[in-house]
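J.: Would you be able to build a 3D model of this:
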Amino acid sequence: MTAAPDPTPAPDGPAPDDGPVRVLLVDDQALLRAGIATILGAQPGIVVAGEAGTGREALAAARELDPDVICMDVQMPDMDGLEATRRLVADPAVRAAVLMLTTFNREDYLLAALRAGASGFLLKNSRPEHLVDAIRAVAAGEALLAPEVTRAVIERAVAAEQAAAPPPPDDGGRAAEAVSVLTDRELEVLRLVARGLSNDEIAAELVLGRATVKTHVSNVLLKLGLRDRVQAVVFAYTHGVV
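T.: Numbers count the residues shown, from 1 in each chain. Prediction:
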C-alpha cells in the first residue's frame, strides 16, 4: 500500500466543496495502477490518494486514507474486489464509493459487483475520459454502468441468476408489497431510472422540473431502503418493475 501527497487542487476542476476528489487505486498490476495514476494526475480536481495491490490492502488503505472514490479491480489475490467491496460498503468508517474496473465483460461480474454495493462498473478498455467522468460522477453521488452495459445485459444477468436460484413461491407477493410503498409517480420514476435515464432525461420525459425528479428519486431510494441508483436498477429488474 502506498500513499501519495495531496497537491493543491486546480481551481477550475470539478471537486467536492472541501477539496479535490481523492481516489484510491486497487489493482494487483502495478503497471496498470501507474498508468491510471498518470491519467488521473493530469486531471484538475482529482488526486490519487494512494494505491493497494490486493483487496485486503484496500480495506486498510480505505480506513487510513479516507478516499472519496475507490477504483477496484475484480480479480486479485488474497481477497478479490467483490469481497473487498462488500466489506468496505458495510464498514461505517468508510465513506468512499466503489467504482469497479475489470477487463472481463461478463454479466455475472456486473450483477455481483452491483449487489456487492459498487456504485459503478467500468471496463478497463474504456477511454481515459470515460474513467475520469465516471470517477467524478461517482464522487458526486451518482451511479453509472459502463457504456457497453445495456438494459438487455442487466436483464440477462438477472434472469440467469434467478434461473440458477429460483425465488420462493411467495416472492411475487413480497415484490408487490415492496413496490406498493411507492406512489404512482415514484413508480414511474423508478422505471425510467431502470432504463438508465438521467434526472434531466426523466424530467423531459415526464415534463417535470429537475429538482422535482431529484426529490422523487430520493423518495424511491428511501422508501425501498436502497443506497443509490445502481441498487434501484437491480431492484427494478429483480422485482419485475420493468
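
J.: Buried residues of stretch 24-38, list them for me.
T.: For stretch 24-38, a neighbour-count test (16 or more other C-beta atoms under 10 Å) marks Leu24, Leu25, Val26, Asp27, Asp28, Arg33, Ile36, Ala37 as buried. Any C-beta I mention is one placed from the backbone N, CA and C, and that applies to glycine too.

J.: Likewise for stretch 95-108?
T.: Within stretch 95-108, the residues that count as buried by 16+ other C-beta under 10 Å are Ala96, Ala97, Val98, Leu99, Met100, Leu101, Thr102, Glu107.

J.: Could you name the helices and strands sitting against the strand or helix carrying Ala84?
T.: Per DSSP states H and E: Ala84 is located in helix 81-90. Counting contacts by 3 or more C-beta pairs under 8 Å, 6 or more residues apart in numbering; DSSP states H and E, helix 81-90 packs against helix 55-65, strand 69-73, strand 97-102, helix 107-116.

J.: and that helix, what's its mean pLDDT?
T.: Averaged across helix 81-90, the pLDDT comes to 93.

J.: hmm, who's touching that helix?
T.: With contact meaning C-beta atoms under 8 Å, 6 or more residues apart in numbering, helix 81-90 is reached by 26, 55-56, 58-59, 62, 70, 72-76, 94, 96, 98, 100, 102, 109, 112-113, 116-118, 227.

J.: Now the buried members of those residues.
T.: 26, 55-56, 58-59, 62, 70, 72-74, 76, 94, 96, 98, 100, 102, 109, 112-113, 116-118.

J.: Of the helices and strands packed on helix 81-90, give the one that comes closest to Leu123.
T.: Ranking the helices and strands packed on helix 81-90 by distance to Leu123, with C-beta to C-beta as the measure, places strand 97-102 first at 6.5 Å.

J.: Could you check stretch 44-63 and say which residues are buried?
T.: Across stretch 44-63, burial judged by 16+ other C-beta under 10 Å covers 45-59, 61-62.

J.: Would you map the strands across this structure?
T.: Secondary structure of the chain (DSSP state E): strands at 2-3, 21-26, 46-52, 69-73, 97-102, 120-123, 144-145.

J.: Just put these in CSV and tack on distance to Ala204 and mean pLDDT.
T.: Converted to CSV, the strands of the chain look like this (distance: least, C-beta to C-beta, whole Å; pLDDT from 0 to 100):
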stretch, distance to Ala204, mean pLDDT
strand 2-3, 44, 54
strand 21-26, 28, 97
strand 46-52, 30, 96
strand 69-73, 29, 96
strand 97-102, 27, 91
strand 120-123, 23, 84
strand 144-145, 19, 65
